[in-house]
Every structure is written in C-alpha cells, then in structure tokens.
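Undergrad: next input, structure requested:
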Amino acid sequence: NNLQEKWLANRLEIVDKQSILAEDVSLISMVRRQTFRKLRQDYTSDVAQFEQIILEVDRFTTAADIAAMSTFFKIQQQKKEQMNALLEEQRQDLLEIQELAQLGSFYWDLTRSGKSHFSPNTLRIFELEKTSNLESFLMDVHPEDRERLSKAITDSFSNGGIYECEYRYERNAKRKTIWSRGSVQFENEKPVAIKGTVMDVTHRAELVQEIREKEEYLHQL
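TA: The predicted structure follows:
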C-alpha cells in the first residue's frame, strides 16, 4: 500500500512526537513485518536459511516494538506532566483571582461521605481551619439570618437547584456579611451536593448601613 511504499523509499512524513498515537506504533510495526516477509521470499529458497531469517527478523522487530512502545509511553508521560502543570497553573490563577476579589468556592456533600471541601480563600473568609459540614456551618450564621439562609437552600431543592442569599456570619468574635450563590446537584431526583461561591461583602454592607443611618438622621431633621 501507499504507506509501505513510502516506508521502503524512506519518504515517511515527519510528525510531531505529541501527535503520535498507539495506532501509529502498531501500524509501523505491521508495515515493517510485512516488508521483511516480502524481502525473505526474494532472498532465499533454502528452508533452513529461511527459518533462520524468520528468527532474526522476529528478534529485531520485537526489540524495535519494545523500544517504540517505551518511547511512546515516555511521550504520554510527558503529555500528562504538561497537562498537570497547566492545570496547576490555572488552579493557582483561580485562587489568586478569588483572593483579590474576596471570593471563595465551596463544595458541600449532603450525603455525609466526607467529600466536602472549601477553597483556601473560603476558609479565610469563614475564619475556619478546615471544611465544616452544612449543619455546623449554619450554627455560625447570625440567628436572625439562619432560618432565611436555610430556607433559601431548602427551597432550591425543588426550585431549579439554584439559591442565592446574603447573610451575617459570626465567628471568633467577628461579624461579617456574606453573599453566597450555589447550585444543587441531584442523583435520582435527590439533592446530594451543593457547589457555589461566597463573597465577603462586609464593607459594602457597612456602607449601605451608614447611608441608611444618614438618611434616617436627615429625615429626623
């Protein structure tokens, strides 16, 4: 075929190593074996010599196949390392963006499997050292906002799976105002997890409260 003719004429196209597939390695091995078989027929008609050539060809092609597959696996490992490095770079960029924007991300597992996790900035926002479960987290929400947040989450179980709420949060003698938006994940129509983002909007809330107090003062005047 055309590939075999190119191989015989040493005219195979040079390809980037990142483009090599397992099928390419197998195809080259097949073409090499077919070519040697054809050459054997023209080389000798002696049966003993023919068998000896077959053994030598088998040893050569086996060694070549092992070397080719070893190289292929090294290329795949390089691809994996490059992809992991790219993913880590993107993760670090995302964490930096979250810190600059006072944003955090979270994943709450509602099945008690222990898979819940917070991004580093979420832990900083909530003054936590490790991820908490939803029940214990709600205990740090301001009592006047706790029921409202809990209702927003519960309602999202049956209203499209999206919740959004702003609430006050108290921990380590500090009070913050938090904005949160999340998406509920379902399995067999049952909520199994919530993932979303949180933002520390304390400064904005303080400005709003200051404006309201000034408006009230002006109204009294």
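Undergrad: so how far is stretch 63-77 off the chain centroid?
TA: In terms of CA atoms, centre = their mean, to the nearest Å, the centre of stretch 63-77 is found 28 Å from the chain centre.
Undergrad: so which bits of that stretch are buried?
TA: 65, 68, 72 (16 or more other CB atoms under 10 Å). In this view, the C-beta of every residue, glycine as well, is placed from N, C-alpha and C.
Undergrad: how about TSV for these, with secondary structure and distance to residue 202 added?
TA: Formatted as TSV, those follow (DSSP: H, G, I helix; E, B strand; the rest coil; distance: CB to CB, whole Å):
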residue	secondary structure	distance to residue 202
65	helix	65
68	helix	61
72	helix	55
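Undergrad: need those residues in TSV (columns: pLDDT and distance to residue 140).
TA: Listed next are these as TSV, based on pLDDT from 0 to 100; distance: CB to CB, whole Å:
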residue	pLDDT	distance to residue 140
65	81	62
68	79	60
72	79	53
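Undergrad: closest to residue 174 among those residues?
TA: Set against residue 174, the nearest of the buried residues of stretch 63-77 by CB to CB is residue 72 (56.2 Å).
Undergrad: excluding its backbone neighbours, what's nearest the closest one?
TA: Spatial nearest neighbour of residue 72, chain neighbours left out: residue 25 (5.3 Å); criterion: CB to CB, 6 or more residues apart in numbering.
Undergrad: most distant residue from the middle of the protein?
TA: Centroid-distance maximum for the chain: residue 46 at 61.1 Å, with CA atoms, centre = their mean.
Undergrad: separation between that residue and residue 52?
TA: 9 Å (CB to CB, to the nearest Å).
Undergrad: doesn't residue 117 make contact with residue 123?
TA: No - Residue 123 is beyond contact range of residue 117, at 9.7 Å (criterion: CB atoms under 8 Å).
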